[in-house]
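Engineer: got a sequence here, can you build the structure:
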Amino acid sequence: MIRNILFDLDGTIIDSKEGILHSVCYALDKMGRDVPDEKELLCFIGPPLSVSFATFCGMNAEETERAVAFYRENYAPRGVYEFSVYPGVETMLKKLSSGGRRLYLATSKPEVFAKKILEKAGLDSYFTAVCGSLIPSGRDKKEDVISYLVENEGLSLDETVMVGDRSYDAEGAHAVGLVAIGVSYGYGSVKELNRAGFEAIASSPKELASIIQRV
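Structural biologist: Numbering: from 1, shown residues only. Purely as a prediction, here's the structure:
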């Protein structure tokens, strides 16, 4: 039986597109870079920022460090609060927690921001623990976040599952030895989720709760 559920944040619990994209545009403008259209910027949602600026913008290590600093210059006071909770998510969290499951947050977003988001959304009471990346650096990869959370909370691998919307969530979960469930209502396409090897895919929070309750 699955007793522990690790949730990704962006694209799984919340739609964070507005705050993230505003902050990416701010950072690129401060760096003197051209700002692509919104569709191209969606690749920034999911991976660690340092990976995104390096991979998608071709920045070297020094440039990436500056871009991340500019991003947080906008995100910390404003962008962190520009989000919405996906419809049905709170009902799903309530159903799972009332059924005896322990819920955890495992995100590549800095832990300090993740806690602020859950508090503002009124969802913090559902989570036993929140784990994210550290500022200025640390636990930057999803595998590192998941591994730390599993070890720190003493979670049994065969009783724990990771839920997320991007390939990075499946890769991180599998590296640690966890089953991964994908959600297709977030930012990853069904094609991406299938390629990443998620053991199951849910199209809605309601379906996600049903899948978890069956395993």
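Engineer: the longest strand along the chain pairs with which strands, parallel or anti?
Structural biologist: Among the elements of type strand in the chain, defined by DSSP state E, the one spanning the most residues is strand 102-110. On the basis of DSSP bridges, the sheet neighbours of strand 102-110 come out as strand 4-7 (parallel), strand 127-133 (parallel).
Engineer: which residues sit against the longest one?
Structural biologist: Contacting residues not belonging to strand 127-133 are listed as 7, 9, 48, 102-115, 118, 124, 139-140, 145, 148-149, 152-153 [CB atoms under 8 Å, 6 or more residues apart in numbering]. For the C-beta atoms, the positions are set from N, CA and C on the backbone; glycine is no exception.
Engineer: who's in contact with the helix or strand that comes right after it?
Structural biologist: Towards the C-terminus, the helix or strand next in line after strand 127-133, according to DSSP states H and E, is helix 142-153. When contacts are defined by CB under 8 Å, 6+ apart, helix 142-153 is touched by residues 4, 6, 104, 106-108, 128-129, 131-133, 139, 155, 157, 160, 162, 168-169, 171-173, 175-176, 178.
Engineer: I'd like the next helix or strand past the lowest-mean-pLDDT helix or strand in the chain.
Structural biologist: Comparing helices and strands within the chain by mean pLDDT, DSSP states H and E singles out helix 38-41 as the least confident, with a mean of 86. Under the assignment DSSP H and E, the closest C-terminal helix or strand after helix 38-41 is helix 49-57.
Engineer: buried residues in whichever helix or strand comes after that next one, which are they?
Structural biologist: The element immediately downstream of helix 49-57 (helix or strand, assigned by DSSP H and E) is helix 61-75. Of the residues in helix 61-75, those with enough neighbours to count as buried (16 or more other CB atoms under 10 Å) are 64, 67-68, 70-72, 74-75.
Engineer: again with stretch 160-178
Structural biologist: Neighbour counts over stretch 160-178 (16+ other CB under 10 Å) mark 160-174, 176, 178 as buried.
Engineer: ok, now stretch 103-110?
Structural biologist: Neighbour-count burial for stretch 103-110, counted by 16+ other CB under 10 Å, picks out 103-110.
Engineer: take these and lay them out in TSV including distance to residue 24.
Structural biologist: Output for the buried residues of stretch 103-110, formatted as TSV (distance: CB to CB, whole Å):
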residue	distance to residue 24
103	29
104	27
105	22
106	22
107	17
108	15
109	14
110	15
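Engineer: and the residue of the chain most remote from its centre, how far from residue 97?
Structural biologist: Distance to the chain centre peaks in the chain at residue 32, reaching 28.2 Å (criterion: CA atoms, centre = their mean). Counting by CB to CB, to the nearest Å, the separation of residue 32 from residue 97 is 47 Å.
Engineer: quick one, what contacts the nearest residue to residue 24 once chain neighbours are set aside?
Structural biologist: Distances taken as CB to CB, 6 or more residues apart in numbering put residue 44 closest to residue 24, at 5.1 Å, once the chain neighbours are dropped. With CB under 8 Å, 6+ apart as the criterion, the residues that contact residue 44 are 20-21, 24, 52, 56.
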